[in-house]
Structures are given as C-alpha cells and as structure tokens.
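> Provide a 3D model corresponding to the input given below.
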Amino acid sequence: MNKSENTMEKKLTDEVMQIMIITEDIKYIGVNDCTIDLFEGMYAVPEGMAYNSYVIIDEKIAVMDTVDEGFKEEWLYNLQRVLGERKPDYLIVQHMEPDHSANMLCLIEKYPEIIPVASQKAFAMMKNYFGTDFEGNRIVISDGDMLSLGNHKLLFLSAMMMHWPEVMVTYDHADKVLFSADGFGTFGVPCCNQTPKEWKAEAARYYFGIVGKYGIPVQKLLSKVVGLEIEKICPLHGPILTGQIDEYIRLYDTWSRYQPEENGVLIAYTSIYGNTKKAVRLLADKLRNNGCKKVIVRDLARCDISQAVSEAFRYSKLVLATTTYNTLIFPPMREFINWLCERNFANRTVALIENGSWMPTAAKHMREMLEGCKGVRFAETPVKIMSALDEESRKQIGLLAEELLAKE
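Predicted coordinates for the structure are as follows:
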C-alpha cells in the first residue's frame, strides 16, 4: 500500500465501514461531509451531509452515481477497495446535480472502458457540465428499460421532475433494492437502523425544502413502485432504509398529496417590540389549556425557516402573526409565505393575526399571498392588534382559539 492509500485508509470512518455491505452483492462506497454548514448554500446541516454511492457486483459491475467533487479521492479509494482487481462496466447516472455527478470524468479517466448509463436529458446536461455527452460510448435509458448485470436485472423508472427533469430511479430485482436518487433522502450523515420516526424529522425538512414543489411527479413515481417488492431503499442522501418500507412510502404519499400528517397548530410569527409575541403566547396557552396537544410556536426571525416550513406541512392548522412593515409584511414573514407558496402549500386551515400602530394591513397582504393555494381555508375570526394587546384583541384571540379547537 503506498503513502496516499495509507492516508486514505486513516480517513475512513468506522461508520462507513459498518454500512459498507448492503447485500452480498451491493456495497456502499459513499462519503460523509462533516464540515459543510449549508447544503445548497441555504439549508443548515448541523449533522453534516452524506453523498451516497453504491456498487453492484455481478458478472458485470455497475457503479451507482458518484459523489461531491470535494470527496473524489476518498470515493475512488472506497471504490477500489470494493472492486479489488476487477473493473466496473457501467456508471449509472440517476441524477445530474453536481453532488452526485461531479466525479464522472475522473471515474471515466480511471476506467476508460466504463459505459455511462443515463436518460437522454442527463446526457444533454453532461454536455453542459463536462463538454461531452459521451456519444458513441453510452447507453440511453427510458422508463421501463432493463439492464442485465448477470443475476441482477436492473429496471429503470423515470422520475422526471423529482426534482430535476433527467432523474431516473433503479430497481434491482435480485436483491429487491430500490435506488431512489434524491427521493427518500435526508440531511445528516447515514445512521444505521433508523426507525421511520427517527428518520422522519430531517427527511421531512429535506423533502419540503427540496422536493416539495413536485408532488405530482412524486405521486407518479410512487404509482410505479407500489407494485414492486422492496426490501431496501438506497437514496443518494442519508441512511439506507430497511424494515417498515411501507411506512416510508406512506409518508412520501402523504407529503406528496399535501395532506397534513396530524391534527395540530403551528404558530409562526414575527415581533418587533414583543407585543405580537405576547399575543402569540396568549393564543398558544389558550389552545394548550383547552386540549390541543400539538401547538408549535416559531419565531421566523430566529428559527430555521426550512424547519418551520416542514412543520407547516406537518400540521393541519397554521397561524400567521406579524406586523405591518412599510405598509406590507415584516420581511421574515413574507419570506416564509413565499417558501410555502413555492412548495404548493395546500389543504390547511390558516388564521391571521396582524399588528399595526396606525394602519394595520398585514392580514390583507398575507391573505392575498395565500389565496392561490389550493384547499386553504381561512379562519373566520380576525385578530387585529393596535400596537399592544387590549381588551378587544384579547377577546379576539380567545374566539380564534375556540374556532381552531373546533376544527378538525
């Protein structure tokens, strides 16, 4: 072993070693990024980020996607350890985002006989990224195509617009494994033996942040995989999913239909001098004291907006409380509503609380922003605060609590 290989050996973590074997023929060769602070430049990832890649070893060998450019050496080392003296036959490109495709060229340079396998749209993107679409040395796949590695027969399913147009997912008939591209991914590094409950929080934040706008394409993909016998799901981010596969699919079905997971209230607010915050606390107390078991309060100027977005999609009711600002809406609230609308927020009850010292207009503008959202029902009780809580606004908050408690 040379010096560089020795150095790379030391870099491998025990966690990677533990999950190296997915099945007898499928190996994990992904990497963990534990230094990244923002994924895609905007999503906080305090637990890091995984870039997953896999190898299927049969009469022919297929590499499933690559990893982020910054982890080229570690990934190639992992691949070499799995291959031994053999060489890969195919590189299957399911998704062209650079955190999964950046190392295509270095892999092809190392193994010039390897054949890229991808959708037509993916090859067009390769030309943009790499200056070549590998014409003359490639396999273009479409929905329903098959590729035999020997015992392993790979079925390719189009996952167009989940969340890019070139995406394919791959089902291995031999080991009953679904390679799901960015579907079923999460933030954070892989953790073995997660339950659906443990997986769900970060998976929901990932889903609604990145995939959430594309519920119809997700539904189309789910309709294709529902008849497959799936024992494991291997996404491009996060842990390999085993056991309770039906529950993971059920959650994706619920999320992609924009249905609430549970009955509860998210109160999302902004407050400049603390008076709107006092109103929010009063409403939260009234809801909790009268039997509402799920009341979540988020200060939009201070919380992780992607977390608040995932909670808005989780619960059946949303209360938005903010101040009028430059005759419009306080900026963090406007940004939050933009996030919701871009992700097709739907099928919830929404209540509005506005504050304004001389001309409160925030409720009007919030309602206008949300009126295009399908299935959104606005609470009938208005709450208007003129600078600070008074007897009338306290009464309105009490009536709003009663209305929200009465709704399913």
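
> for the rest of this, base every contact and every neighbour count on C-alpha atoms.
Fine.

> in this protein, where's the longest strand?
Of all segments of type strand in the chain, defined using DSSP state E, the longest is strand 315-325.

> what is the subsequent helix or strand relative to that one?
Using DSSP states H and E, the helix or strand that follows strand 315-325 in sequence is strand 328-329.

> and after that following strand, which helix or strand comes next?
Sequence order places helix 331-342 as the next helix or strand after strand 328-329, per DSSP H and E.

> circling back: contacts for the longest strand of the chain next, please.
For strand 315-325, the external contacting residues (C-alpha atoms under 8 Å, 6 or more residues apart in numbering) are 260-272, 276, 280, 312, 329-331, 333, 347-356, 359-362, 404, 408.

> okay, domains of the protein per the record?
3-256, 262-406 (automatic domain parsing).

> what about residue 87, how many residues nearby?
17 (other C-alpha atoms under 10 Å).

> who are the neighbours in contact with it?
Residues near residue 87 by C-alpha under 8 Å, 6+ apart: 61, 111.

> what does residue 369 give?
Residue 369 makes contacts with 337, 338, 341, as judged by C-alpha under 8 Å, 6+ apart.

> then residue 159?
Shown in contact with residue 159 (C-alpha under 8 Å, 6+ apart): 165, 166, 167, 168, 169, 217, 218, 220, 221.

> quick check: the two most widely separated of the residues you listed?
Farthest apart among the contacts of residue 159 by C-alpha to C-alpha are 166 and 220. That separation is 14.8 Å.

> and these two? Which one has more around it.
A direct count of neighbours by other C-alpha under 10 Å for residue 166 and residue 220 places residue 166 higher, at 23 against 15.

> what about the helices in the protein?
3-11, 14-18, 72-83, 98-101, 104-110, 120-130, 196-206, 215-225, 245-256, 275-289, 305-314, 331-342, 362-370, 391-406 (DSSP state H).

> could the ones you listed go into TSV alongside distance to residue 142 and mean pLDDT?
Output for the helices of the chain, formatted as TSV (distance: least, C-alpha to C-alpha, whole Å; pLDDT from 0 to 100):
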stretch	distance to residue 142	mean pLDDT
helix 3-11	38	50
helix 14-18	33	42
helix 72-83	27	95
helix 98-101	19	96
helix 104-110	20	97
helix 120-130	8	97
helix 196-206	27	91
helix 215-225	14	97
helix 245-256	23	97
helix 275-289	52	97
helix 305-314	33	98
helix 331-342	29	98
helix 362-370	38	97
helix 391-406	48	97
